[in-house]
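Asker: fold the stuff below for me.
(one chain, ligands or ions: 3)
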Amino acid sequence: MESQLKELRVGEPRLEESEANGFPHGGAGDPYGEDAGSVNQRITPWMRVVASGAELLRDPRFNKGLAFTEEERDHHYLRGLLPPVILSEELQVERILRNVRKCQDPLDKYVTLMELQERNERLFYKVLIEHVTELLPIVYTPTVGEACQKYGIIFRRPHGLYISAKERGKVLDVLRNWPETGIQVIVVTDGERILGLGDLGLQGMGIPVGKLALYTALGGIRPSACLPITIDVGTNNEELLNEPMYIGLRQRRITGQEYDDLIDEFMTAVKQAYGEKVLVQFEDFANHNAFRLLAKYVSTHLTFNDDIQGTAAVALAGVVAALKLTGGSLADHTFLFNGAGEAGTGIAEMIAVQISREANVPLEEARKKIWMVDSKGLITKSRYESLAHFKKDYAHEHEECKSLLDATKALKPSILIGTSGQKGTFSKEVLEAVASFHERPVIMALSNPTSKSECTAEEAYTHTQGRGIFASGSPFDSVEYNGKTFTPGQANNAYIFPGMGLGCIISGAIRVNDDMFLAASVALGEMLTKEQLDRGLLYPPFEHVRDVSAHIGASVAQTAYKAGLATRLPQPKDLLAYARSCMYSPEYRNYR
Ligand SMILES: NC(=O)C1=CN([C@@H]2O[C@H](COP(=O)(O)OP(=O)(O)OC[C@H]3O[C@@H](n4cnc5c(N)ncnc54)[C@H](OP(=O)(O)O)[C@@H]3O)[C@@H](O)[C@H]2O)C=CC1
Ligand SMILES: CC(=O)C(=O)O
Ligand SMILES: [Mg+2]
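Answerer: Numbering: from 1, shown residues only. Ligands and ions are numbered 1, 2, ... in the order given. Now for the predicted structure:
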């Protein structure tokens, strides 16, 4: 048995990892180049890796299952550990798809795919990339929402890193326990606002895991550079606190200074562990923390908040595309938001900035085109004092409107945007009202998952007699109405963040600024073809999203260079070609 073991030192390329990561040697993502992180670079005796054939099969990063060739089976001590047949990666994909499709329940499909990710990472990504339209609703919204809700039950093997309030004072040590070096993207949540499902505590981990799967599948960031993190500060969800299967801290959320200190320790440790250029994406924090954490760290870290900024960029791109169907400029429209939190005010501000630039009017003037309804009704000047700071800029002079319907009737919006997490709030009456004022009303029901969408695609088309231009945060099937087929677009920040990450990495950006999001939004808009627009789509279909990400990456990088935020010098001549060349490919590598 001893003779069948092969030792590799930690830090040494295992098999062909330096090629397998998908980045050119010395390129943006080379884990052994200058960007390599500092954690775990040391060689410790207990971390020596013994790669026998059996271990190779158990290592998802290198396992190829039945695709190992005869030569590889000889060379890596695999003889007898596998049935004799050799399957191509293509046949393996087909086999996986058959297994996934056989599951009736989307959650079973999710578990099947997660098990594949744990078993054979390249195959997982090949399946996902080649069947993205079919599988995105499984690894991402809406199914990932259900997976988070049932996380304790479906939990098999841990994914990502769990930093709990118990680890206060030891966060850097926890990061050091993560086996990968060269981390480039972290998605972190504290689980307090998971999609529109509320506080799911530690069970929010499904979101960073899902988002990072998309960083790889859609944005080409190599999996070993991605680190999902959940900061478990407890939960105020009574149901979870009383649930025997709950696997997070069984306590109410820590708040105030204690919470801030833990986040601060985390942000400091991240830089110590992975350097200045690790991208930290804040995801699904509640808005009372999200805005202030963004404000606190945006100037000291390479960080952004996806719910505020990524969502803004994708929504703006959709609105700009819709203008080609409605006519008029941004400034010609009246916007009404249902929901004035992270997503709502983030989108509103980006639209206002764009109106202000295009129409050459002060930002305060531009904001007056935008109205917002929250849980208490229309946001007006009379409510100013009691409003959260992020809503104040949208408190305009108007009489009180208690409901969205009243506000719709009073303001006659041409563009209605749902960011409330409240199912059905775009009621028949609201949709009929906007359709009575405008020939082509724009309706964006952005709340996730599907069960929280402000309306369904069918409702949007039916109640506007097929005149509505509709997009939603979670996917909806095409709708037949009056003999015509309507295909809704999916307005989800998944179009933006993978390319944003790619752009930051290839330019070596040290900060993210608003112009980079604007660049991402414009690049996304430019990828929409006339033919797609004529079909009523506001975004290119997801099967083209890797190309979209490459374009976004190049535009983001270009903007970072312009702003003096890029450190990878000299700037590559052709950023788009460079972005493409850096993207991870899931094809198996030859291990001889
Ligand atoms: N498509 C996409 O890419 C994205 C979608 N989202 C989705 O957007 C939704 C909101 O997220 P986020 O903005 O972060 O959440 P927040 O909690 O920050 O904001 C929610 C807002 O909705 C308001 N609200 C609650 N109930 C009602 C109601 N009955 N009528 C009108 N407004 C109401 C809240 O009011 P109040 O302030 O008074 O409490 C608050 O202003 C979620 O479902 C999320 O999944 C988020 C990010 C990206
Ligand atoms: C898509 C997303 O980020 C959300 O719903 O929170
Ligand atoms: Mg989110």
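
Asker: wondering if stretch 303-311 reaches ligand 1 at all.
Answerer: Yes. Judged by C-beta under 6 Å from any ligand atom, stretch 303-311 comes into contact with ligand 1 at D307, T311. Using the backbone N, CA and C atoms, a C-beta is placed for each residue, glycine as well.

Asker: quick one: average pLDDT of stretch 249-265?
Answerer: Average pLDDT, stretch 249-265: 98.

Asker: state the distance from the closest residue to P362 other than its chain neighbours to ligand 3.
Answerer: In space, and not counting its chain neighbours, P362 is closest to S356: 6.6 Å by C-beta to C-beta, 6 or more residues apart in numbering. From S356 across to ligand 3, the span is 27 Å (C-beta to the ion, to the nearest Å).

Asker: give the contact list for the nearest residue to E121 once chain neighbours are set aside.
Answerer: For E121, ignoring the flanking residues on the chain, the nearest one in space by C-beta to C-beta, 6+ apart is P60 at 4.5 Å. P60 makes contact with Q117, E118, R119, N120, E121, F124 under the criterion C-beta atoms under 8 Å, 6 or more residues apart in numbering.

Asker: nearest residue to the spatially most central residue of the chain other than its sequence neighbours?
Answerer: Geometric centre of the chain, nearest residue: K211, 4.1 Å, by C-alpha atoms, centre = their mean. Nearest residue to K211 in three dimensions, chain neighbours excluded: V187, at 4.6 Å (C-beta to C-beta, 6+ apart).

Asker: and if you look at I154?
Answerer: I154 sits nearest to V111 (C-beta to C-beta, 6+ apart), 5.6 Å away.

Asker: how about the contacts made by the closest residue to ligand 3 within the stretch 401-550 of the chain?
Answerer: The nearest approach of the stretch 401-550 of the chain to ligand 3 comes at N493, 6.9 Å away (C-beta to the ion). N493 sits next to D306, D307, G310, T311, A313, V314 when contact means C-beta under 8 Å, 6+ apart.

Asker: and the nearest residue to the second one once chain neighbours are set aside, how many neighbours?
Answerer: The spatial neighbour of D307 that comes closest, neighbours along the chain excluded (C-beta to C-beta, 6+ apart), is E342 at 4.3 Å. Counted with other C-beta atoms under 10 Å, residues neighbouring E342 total 26.

Asker: ok, now how distant is E342 from ligand 2?
Answerer: To ligand 2, E342 is 8 Å away according to C-beta to the nearest ligand atom, to the nearest Å.

Asker: is it correct that the residue nearest to K211 falls within a strand?
Answerer: Yes. Assessed with DSSP: H, G, I helix; E, B strand; the rest coil, V187 lies in a strand.

Asker: quickly list what it is bridged to.
Answerer: Taking DSSP bridges as the rule, V187 bridges to P228, Q281.

Asker: residues contacting E130?
Answerer: By C-beta under 8 Å, 6+ apart, E130 lies in contact with V93.

Asker: A433 now?
Answerer: Contacts for A433 (C-beta under 8 Å, 6+ apart) come out as L405, T408, K409.

Asker: could I have the buried ones of these as PyMOL selection syntax?
Answerer: In PyMOL syntax, the buried subset of these is picked out as below (16 or more other C-beta atoms under 10 Å):
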select buried, resi 405+408+409
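
Asker: closest one to E364 out of the contacts of A433, please.
Answerer: Using C-beta to C-beta, T408 comes nearest to E364 of the contacts of A433, at 24.0 Å.

Asker: count of residues packed around L87?
Answerer: Residues near L87, counting by other C-beta under 10 Å: 17.

Asker: quick one, phi psi at it?
Answerer: Backbone torsions for L87, taken as degrees, to the nearest 10, come to phi -110, psi 140.

Asker: can you verify my assumption that it contacts L66?
Answerer: Yes. Using C-beta atoms under 8 Å, L87 is in contact with L66, at 4.2 Å.

Asker: re the thing from before, now the contacts of A433 as JSON lines including pLDDT, secondary structure and distance to T181?
Answerer: What follows is these, written out as JSON lines (pLDDT from 0 to 100; DSSP: H, G, I helix; E, B strand; the rest coil; distance: C-beta to C-beta, whole Å):
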{"residue": "L405", "pLDDT": "98", "secondary structure": "helix", "distance to T181": "55"}
{"residue": "T408", "pLDDT": "98", "secondary structure": "helix", "distance to T181": "54"}
{"residue": "K409", "pLDDT": "98", "secondary structure": "helix", "distance to T181": "59"}
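
Asker: I'd like the contacts of A433 laid out as a markdown table, including distance to ligand 1.
Answerer: As requested, those are exported to a markdown table (distance: C-beta to the nearest ligand atom, whole Å):
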| residue | distance to ligand 1 |
| --- | --- |
| L405 | 11 |
| T408 | 12 |
| K409 | 16 |
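
Asker: looking at the contacts of A433, which is nearest A520?
Answerer: Using C-beta to C-beta, T408 comes nearest to A520 of these, at 30.6 Å.

Asker: and that closest one, what does it touch?
Answerer: So T408 contacts L336, L416, V430, A433, V434 (C-beta under 8 Å, 6+ apart).

Asker: please redo it, this time with the cut-off set to 10 Å
Answerer: T408 makes contact with 336, 338, 371, 373, 378, 401, 416, 426-427, 429-434, 436-437, according to C-beta atoms under 10 Å, 6 or more residues apart in numbering.

Asker: likewise for L302?
Answerer: Residues near L302 by C-beta under 10 Å, 6+ apart: 184-186, 270-271, 275-281, 504-505, 508-512, 565.

Asker: buried ones among those?
Answerer: 184-186, 270, 275, 277-281, 504-505, 508-512, 565.

Asker: in what helix or strand does the residue nearest to the centre of the chain lie?
Answerer: Assessed by DSSP states H and E, K211 sits inside helix 206-217.

Asker: so is that helix next to ligand 3?
Answerer: No. Helix 206-217 stays clear of ligand 3 (C-beta under 5 Å from the ion), getting no nearer than 6.6 Å.

Asker: any idea how far K376 lies from G160?
Answerer: Going from K376 to G160 by C-beta to C-beta, to the nearest Å gives 37 Å.

Asker: hang on, the earlier thing: among the contacts of T408, which are located in strands?
Answerer: Applying DSSP state E to these, the entries found in strands are L336, N338, W371, V373, L378, L416.

Asker: wait, a strand at Y162?
Answerer: Yes. Judged by three-state DSSP, Y162 forms part of a strand.

Asker: count the residues that sit near it.
Answerer: Y162 has 18 neighbours, counted by other C-beta under 10 Å.
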